[in-house]
Each structure stands twice: as C-alpha cells, then as structure tokens.
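J.: The sequence and its predicted three-dimensional model are supplied below.
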Amino acid sequence: MSRRQPEAIHKGHACGGEDNNDEDSQQRYDATLNNLGQSIMRTFYDEISQIAGNVVTVKARAIGYDELAVITTNQGSSLAQVIRLEDDQVSLQIFAGTEGVSTGDKIRFLGHSFKVPFDDALLGRVFDGSGRPRDGRPEVKAEAVEIGSPAVNPVKRRVPEKMIHTRIPMIDIFNTLVGSQKLPIFSVAGEPYNDVLARVGMQADAEIIILGGMGLRHDDYLTFRHRFDEAGVLGRTIMFIHTAADPVVECLLIPDQALAVGEQYALQGKNVLVLLTDMTAFSDALKEIAITMEQVPSNRGYPGDLYTQLARRYEKAVDFDGAGSMTVLACVTMPGDDVTHPVPDNTGYITEGQLYLRNGRIEPFGSLSRLKQLVNGETRDDHRAIMNACIQLYAQCEESREKREMGFELSDWDTRLLKYGDLFEEKIMDLNLNIELFDALDKCWEILAECFDPEETGIRDAIIEKHWPHETHQTKPEPQAETVQA
Amino acid sequence: MIGRIKAVFGNMVVAQTEDRVVKNAVGYCVRNDGIKLLCEVIRVRGDSVDLQIFEETRGLRVGDQVEFQEDMLSVVLGPGLLGQIYDGLQNPLPKLAEQVGFFLEPGNYIHALDTERLWDWTPKVQAGTVVEAGDTLGSVPESIFEHNVMVPFGWEGQYTVRTVAESGSYPIGKEIATLTDSSGNERTVTMEQVWPVKRPLCVAKRRLLPSKPLVTSIRIVDSMFPIVRGGTYCIPGPFGAGKTVLQQITSRHAQVDIVIITACGERAGEVVDTIREFPELQDPRTGKSLMERTIIICNTSAMPVAARDASVYTGMTLAEYYRQIGLNVLLLADSTSRWAQAMREISGRLEEIPGEEAFPAYLESRIANFYERAGAIELRDKRIASATIGGTVSPAGGNFDEPVTQATLKVVGAFHGLSRSRSDARRYPAIDPLDSWSKYVGIIDPKKVQKVHNTLRRGDEIRQMMTVVGEEGTPIEDFAVMLKAEFFDSAYLQQNAFDDVDAATSVDRQRFVFDKILEVLEADFVFKDKNEARHTLRKISSMFINWNYARWDESVVPESDRQDEPMNKAAHKDDEATERGDFKEILGQIDQYVQSLLKNADKSQAKDKLEQATA
C-alpha cells in the first residue's frame, strides 16, 4: 500500500498568495496518511455499496463508531469518519466530498477517532478542516488529542470573574466580555462581523488566540491572516480555516479542532480566546449531512439535534477550577436579519448573551453580556453608572430622533439629546476604536459634560463628584442649530 | 441476558438477542476496551432491540456485547440525598470529579448515596406492628428534617414487623427491620430503596385539591399569578427574558421544605452559580445553608442527550420521595423544552412518524403525565404533603404557538409568560402581566386582583391608543389611568432580584403594600395638566420604590393578622439600616403625600362646583 504514488491534487483551494504550494502539502499529507495506515497494518475495504451526497457506505467488520478512515481514490486520498454502523455496512462521511469516488476505491480504517496534534509548534500556523497545513509548511509532529472530548464536570468549573479587555468601548463598557464566556455576534451578511472579530483578536488580552473559520471567503481568510500578522499577534494565534470552496464536511470539524486545541491550552493554565466565524455555515453543513443521512428535519430543514450540536461546541467555553480558561466569541449570520431563524435562536438559548451588529455598530439595546455583572463592579466605581446612564440617554436620543423625523417640535432637551447621540456614536460606538476601558469611561464623562448638567444624567451624586470633568462643569452648551445634523 | 450490537447510529444502538428482554429495562453496552455504557431498551422488534445510550457512543462496534438487566432505570432513595449534586442518572458529580477529574468520561457510575456515613436511627414501630408500603418504620435526622425510613413503596399487601433495629448509628445499608408477609415469607428493609424513575411514586390515602398558596416572595407571582403547593406552573419565554434568574430566585426564597433543581440541557455556567452560591447563602427560615434543603440534578446541554431525558424524571422521583416523607417539595425544571428536544432526537433516530415540528406524536401525553405527577396528598398517617412542579419552556423564536408550550399550557395551573419587550425594557421579572394567568387563588383577595388587572388592561389600551392620537389627543382622565397602570408596574410588579430586601417580599408585606397601592389606584386625583399628572405619579412611584428597599416592619400589621413564618433575624445586617429608608417613615411620607393630593383634589372640585354655581 505504501507504494501507491501520490497523485494529482484532489482539492483545489482557491489559490491565494500563500497557498500556491498546495501540491506539496497534499503529497506530504498523503504520505502521512499512508504512514498512519501502515503502522496499524489494517486491511483495505473496497466493497462500496452506496455513494450518496458526502456519504459512502462500505462493507466492513469490527469498525468502531466515530472511527476515522482514509479513502484512496484515483484523485488522491481523503479522511473519512464513521457516522453509522449497520451490520456490516459502514457509512462514512468523506471529508473531501464524494466527487470522483468509485465503487472500487479502497478504504482503510485508522482505529481511532479524529485527532488533532497539540504542541506549541501549532502557534502561528494555519490548518484546514482535515487538519492539514494550509500555509505550505510541514505537518506538526506531536502527540495528538481526540476532538470532541466529554463534557466538563460542572463541579470542576469556576464562576467566571476575569474581564477580557478588548479595547473596544462598546464591548468593554457596555457588554463586557468575561473569561470563559460564550458570546455570539448576531449580524446580517453585509455587516463587518469579521472585522470586529479580527479586531477583538488583535486587541484582546488573551494568551492564545484560536481562529476557526467556516465557509469563509478566501479574501476574508487572507484578511484575517494579514491583520493578525500586522498586529503582531500571529505568534500566539492558531487558525483552522475552511473556505467556501472547500468540501462541506471539513467545515464540521473546524470548531471541534479549534476547541480541542483551546481546551488543551486551558488545561495547561492558559487563557484562551476562540473566535469562530461563521456558525451559520457550520449549522448549514450539519443540515446538509443530516439530510443526506435521511434524518427527519425539524425546523427549516435543520436536524432535530441542532441545539445539542451547537451546545456541545459552545459549552466548551470554560473556566477550569485549578487551570486556565477558554472564551468563545462566535459570529452568527442571521439569514434575512431574522433572530427567530433556528440558528441564531438556538444559539441565543445556549450562549451567555449576544451582540447585535447593525449598521456597522454594536446595537446598544438588544446586545447583552449576561456575565458583565460578575466583573463590572470591580473595574472602576463609575463603570456601572456610566453604562446605565449612557444607554438610557441614548435611548432618549432615539426617541428625540423619531420626533425629529416625524416633524414634531424639538425642545431644548431634545436638541441636547441629539447632540449627545451624535457624539456618542462618533466617539464611543465606533468599532474602529482601540482604547483602554478607563480612557473610554473618561471619554463618556467628557461627552456627558459637553451635553448635560450633572443632575440630568441620573447618576448618583457621589459618583458625579468624583468623576465629572471640571473644566466643562459650568459651560452649558447652547441649544443651537448646529446640533441638528443628520 | 446477553445480546450483540447490530447497528450504531448517534446515541442509538440496535442489538440482537435471543434472550428475554424487558422494555425500558437498563443494560450495558460493553466497549472493546472493557468500558460499560449504560443504556435503556426503548423498542423491541423481533429479535432486535433498540437501545438508547446514556453516553457518547464513540468506539462501539458491531458485534460488541450488550448485557441486559431486569430493572428499569431507577434511582436510589434514602437519607443523604439533600445537598447533593447529581447528573441526570443520579451519579454524584463531586465524587465523579474526585475520581475522574475535569471531564465526565463515559462509563463511570457511582452509588448515589454515601454508604459509609452513619445515621442516628430511631425506631418508630415494634415487633408485631402491621404495616404497608410507605409506612414509617423509624427515622433518622437529615438536615432539619426527620427523614422517615419507610416500607419499600413497591411492596404489595400487609406485612408484620418481626424485628426492628434498636436506636443507634448505622450506615444506610444496615438491615433495620425484617418484615413477614401474610404467607410467612421474610423480607428485610434497609434505609435505602430503589424506584423506577418513569413510574409515578405516590402511596397516599388520597389526593387533595391543592389550595394552599406556595409563596415565592416574588410579588408578581404571589399577588397576581399565584401558585399553590401541589400545583403546577410553567414559565415560557424567549432567550434572555430571565427564565433562569426567575427560577434561581424562586429556588432561594420559595417557602417550601425542599427545592429540587433540575438543570436539563441548559448552560453549565448557571448550575455553577447555584453550586457555588447556595452553600454560602443562608436559608432565612432555618438559618442553615440553603444547600441543605436543595438537591441539584444537573444535565447540562453538553452532556449526552438521553440522560437529559432521564434527568427530569430523576428529579421528579426524588421530589415524590420527599413528599412521601411528609414534606412540601418544589421541583424546578429548567428547561422542559430541552427535555422535549431530547425526545425528538430519540424519536427521529427510531424513525417514528414525526408530528408537528418533528416532535413525536406522544409529546403531549408525556408532558401531561409528567405534570400530573405533582400534587398535594394526604398520607396514610393523615399528614399532608405536596410536590409542586415549575417548568420553564424555551419556545423556538420566542413564539408560544409551538408544540411544547401549547402542550404544557393545557396541563398546568398557572402560566407565567415572559415577554421580550418587557425584558428589553429591563422590567424584571419580565412576566407579562396581561398575558399570564393562574387558576389558583393566592394570598390577595381575587376581587382586589381583578381591580388591579382592569387598571393594567385599561392602561395598556390607552397607551396603544396614544401611539395613534398622540398625547394631545388623550383625555386627561385616560392619561391618569395609564400613569396609574405604569405606577403599579414599576412600583409593585417590578422587583430587583439583586437587592437583599427587594428580592423577597413576605406575605404580610405584599398584602400591606398591595392595599396601599390600591388606595392610590382608586384615588380620584385631579390634575391641572398632563405634566402635573406625570410628575405626581412619578413622585409616588419613586416613594414606593424606595419603600420596597426598606426593611419590612411587621409592627404595621396587627399580630392577629400576621401570617409570615418567623424569620431568622440573624440574617439581617443592621449596619446598612441607615442607608435604607425606614419602613414606617416612608409609609408616613406616602400617606401624607397622597392625603395632600386628595385634599387639593377636594378643594379644586369644590372650587369647580363653586364656579359652576356662580356661573
């Protein structure tokens, strides 16, 4: 079996600058697979009885559920995973897809389920859904860990208490990200959700950053790489990337690999941040496989276990009692901006809050970090006060804006609210900001002082006395026409 | 009884056997590395048996051995259940953590009760006494309760006590009595017994109509949509509306003996909160740690799905057991939708014909059977005990028209519907006061509740009208009604769960404040204009809100009218009394303010009349 020549590349990645040596990596990969097979000395199975969708059924005996296999076709080899056993019929999902698979192709079982190597050599590297390098560099030789480990015993979890600074005020002040939190970004397709994710990756104070990209456009992948490189965080980043051009089965393994590696780092005491994008692509891949397997669909074609599948991934976010933590920030695109779509809906029930991305901003009203109370009392005494006051005033500003749009008369209070709203959007809600929490809080004070009298903010006197900026204290802004701008 | 695996698909295994199998009996699938995975027979067709596996099926092979047992999935009942944290199959999680570490590796099963701990046994019967299933043989102290050791519930007919152990300290496995049945066969009783989780456990003289209010200390529940001991209620709501927080508050403050929390397919983080906080929190009624009256069954969303189905029944069976002992138990199931989804997954794997939204056709009957296990009963020795069920529902998209919510609404006695608009407006608890209902009578006179309800409804109508005709087009009388409804909402229905005092309002206090609120709602204030009306009601609101934060002063209620159970005063921190207002003082301010408004109203009415007369 080892004499088989590596053949033409099976998969054409859309060739970006870094990916032009796909052929090499495929050859090395094939060689690795062959070695794997040799060391176990298993026989081939080639009585393929069915090829449908991404699933191949072969006659074989003594195969474990969830076991990994290699299928060798005349176009190269691919990993495959057992998803159903029935007598001597073994159904496998083929990672590279079943195009070109013939009924006489050979399948070799590896005797274990999917594993991902774990070593510091992973840092700075990029892998695809099958775990092979997509950065043109050699395979990582290291002890491998199984993906999809069992659930963490709840009594070994800690109550989260550490804030993760992202240096984005809309997150840090208003929807604080907490270590071990799982937080999705709900967004419509056109919104810059990947930019936000990249920015969090670049700015957040995490020791290890793992990016899991599912169904990414190749441009997005390159952008991520480029930005991480520029920001100098590539050295502590690991990427698992599935692009839209890759076989759909590989998409399914992206979060598992990312989370398995993250979990190992967390067990070593590191604080890990896992960024996943886009979980809707992942769910769609689940749907595709489920329908191929003739499972009864439950809601809009998604399988009945969508909640369980998503929860098993998101629940990997953890703060280990006596080790490190893993935080998950995931993008979920909402088809048709519909939050009741099964994917965002199920996600919302699993995660600890959600961020809505609308019009290039994090929506201040629907967004919520459920864990923020655990940390925002400890940062600075004015954090909660600012958080509440700014949002309440912004809500009032929205009302005034409605009034303006309806053509109603605007009071002095309205014009000041409108001015506040514009300043707030410009100086705080902008997602391209990169400022410390305390600086951001100070900026909020400045804006409040520019627009309002202290007692109008509804903030407790003790806090006002301590934090209200002095120079602007007396100057009450004049209700002029200049404030009425779009 | 042995079989062989024929097929594996997700958490379902088909086995082939020639031996006798019992439906719903448990078994073990033996992986080739020797690890045994617990499973349950869910269908038998010819010689093939469909099994659901309570663990991950990774690594199972066709041909692996299956060992069938006779017993159905059961729980162990006996002293030592209180304060425990179990998974859905009643494995104690702290012990699992000690033995296995961070992860719940498959194939580890641990006895649910501590077999070494000694209990102070006191016999309650003598040799020669005739007893039946469920009768008390003796008792041991557990937490603040007397834990009765009973004749096993499954034993039929009458038995005569032959021997009974003397007072002393024994482990639960100790043989504490021997009984002989009518034909002279001898059977031994220990402090523990087992019971199949899916069979209702109820050995009683008769079932009673539940009528005694179960006080949760949440105002909107107790006053507006009450629940009763032995009743059932459900809390449906979209994500983020505060279902779990509501359950957590209830588990802390509910006036029952025992609370069983079943975290079924929900976030692990929420359970961790409870696990870490409860031992620290003091039960205001006993002064002991809250954990001593709590059992946590925890099958979080990442744990295997079949065990999620079991966890709800495990919790229920434990609740029924403590009801047999003679206590009032509250079972909180969060969330029953996850349980229904587990049923759906299993049904899908069985390739049953799907019903609505792919839920199985038996969804409704399963839900109904589950809620029917609640109830107040009169035990054979005439004591009254109850088990109450409160289940949350997580409807897809927050839409209550889905099968699980609808099936639940048919069988529960109270409906606390959470609304997204209320939670978005940070009006907590986000129970919708217009949509929710309760068939029970609570601590407030239903006539008074109806009055308030009318104000709320009218206020809502006016508010909707106002979005069309604007504030200018609304008559001031209507405007005042709307403001009053708003006042009731913010001053009474909303409650701050994170404040020590406001989080829990006692019965006497609720009655007292409710009457005071009613005074305001029924008062005929006269306002010059809408601004004055708004200003006045806002002022009253803020006085009432401050009042909510003041510690209750029971002396405002005559002693003969008091109903509150005596509280453990040590729980109060005196040092903060200065920061909080004084209850009576604020009461005085409110009375004074309202009186002054009414006087003004009289004056201006008089003036109006005078003007009319002179005109």
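T.: Here it is on my side, so go on.
J.: can you list the residues of the stretch 401-550 of chain B near chain A?
T.: B:Asp424, B:Phe498 (C-beta under 8 Å from any C-beta of the partner chain). C-beta here means a position set from N, CA and C on the backbone, and glycine is covered the same way.
J.: What average pLDDT does the host helix or strand of A:Ser77 get?
T.: Assigned by DSSP states H and E, A:Ser77 belongs to strand A:76-86. Strand A:76-86 carries an average pLDDT of 92.
J.: Kindly report the same for stretch A:215-231.
T.: Stretch A:215-231 comes out with an average pLDDT of 94.
J.: Show residues contacting that stretch.
T.: Stretch A:215-231 is contacted from outside by A:13-14, A:16-18, A:126, A:194, A:198, A:201-203, A:209, A:211, A:213, A:234, A:237, A:239, A:241-245, A:251, A:277-278, A:281-282, A:284-285, using C-beta atoms under 8 Å, 6 or more residues apart in numbering or on different chains.
J.: Now B:Gly326. Its backbone dihedrals?
T.: phi 110, psi 20 (degrees, to the nearest 10).
J.: how much space is there between it and B:Val215?
T.: According to C-beta to C-beta, to the nearest Å, B:Gly326 and B:Val215 sit 19 Å apart.
J.: Same question for A:Arg84.
T.: Applying C-beta to C-beta, the value for A:Arg84 to B:Val215 is 52 Å.
J.: More neighbours: those two, which one.
T.: Regarding A:Arg84 and B:Val215, a neighbour count based on other C-beta atoms under 10 Å in any protein chain shown identifies B:Val215 as having more, with 25 against 17.
J.: tell me the pLDDT at the spatially closest residue to that one that is not a sequence neighbour?
T.: Once flanking residues are discounted, B:Val215 sits nearest to B:Gln255: 4.3 Å by C-beta to C-beta, 6 or more residues apart in numbering or on different chains. pLDDT recorded at B:Gln255 is 93.
J.: B:Gln255 touches B:Arg285, doesn't it?
T.: Yes: at 7.2 Å, B:Gln255 counts as touching B:Arg285 under the criterion of C-beta atoms under 8 Å.
J.: Find residues that contact each of the two.
T.: In contact with both B:Gln255 and B:Arg285: B:Glu565, using C-beta under 8 Å, 6+ apart.
J.: ok, these two, which is more surrounded?
T.: Ranked by neighbour count (other C-beta under 10 Å), B:Gln255 and B:Arg285 place B:Gln255 first, with 20 against 17.
J.: tell me the phi and psi of that one?
T.: Dihedral angles for B:Gln255 - degrees, to the nearest 10 - are phi -90, psi 80.
J.: that older thread, which of the contacts of stretch A:215-231 fall within helices?
T.: Among the contacts of stretch A:215-231, DSSP state H puts A:Asn194, A:Ala198, A:Gly201, A:Met202, A:Gln203, A:Cys251, A:Ala281, A:Phe282, A:Asp284, A:Ala285 in helices.
J.: Go ahead and build a ChimeraX selection from the buried members of these.
T.: Selection of buried members from the ones in helices among the contacts of stretch A:215-231 for ChimeraX, criterion 16 or more other C-beta atoms under 10 Å in any protein chain shown:
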select /A:194,198,201,202,203,251,281,282,284,285
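J.: check the ones in helices among the contacts of stretch A:215-231 against chain B, which are close?
T.: Counting by C-beta under 8 Å from any C-beta, no member of the ones in helices among the contacts of stretch A:215-231 is near chain B.
J.: how about the ones in helices among the contacts of stretch A:215-231 in CSV, adding pLDDT?
T.: Formatted as CSV, these follow (pLDDT from 0 to 100):
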residue, pLDDT
A:Asn194, 93
A:Ala198, 93
A:Gly201, 92
A:Met202, 92
A:Gln203, 92
A:Cys251, 93
A:Ala281, 95
A:Phe282, 96
A:Asp284, 95
A:Ala285, 93
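J.: what's the closest of the ones in helices among the contacts of stretch A:215-231 to B:Lys539?
T.: Minimum distance to B:Lys539 across these is 45.9 Å, recorded for A:Gln203 (C-beta to C-beta).
J.: got a list of what the closest one touches?
T.: Going by C-beta under 8 Å, 6+ apart, A:Gln203 touches A:His165, A:Thr166, A:Arg167, A:Ile168, A:Ala231, A:Asn434.
J.: and the gap between the nearest residue in space to it that is not next to it in sequence and A:Leu433?
T.: Excluding its sequence neighbours, the residue lying closest to A:Gln203 (C-beta to C-beta, 6+ apart) is A:Arg167, at 4.2 Å. From A:Arg167 across to A:Leu433, the span is 7 Å (C-beta to C-beta).
J.: Check A:Val318 too.
T.: 30 Å.
J.: if you count what's nearby, which of these two comes out ahead?
T.: Taking other C-beta under 10 Å, A:Val318 and A:Leu433 do not tie; A:Val318 has more neighbours (33 against 18).
J.: where along the stretch 201-350 of chain A do the strands fall?
T.: For the stretch 201-350 of chain A, the strands defined by DSSP state E, counting those that start in this stretch cover A:208-216, A:237-243, A:271-277, A:297-299, A:302-303, A:318-319, A:325-333.
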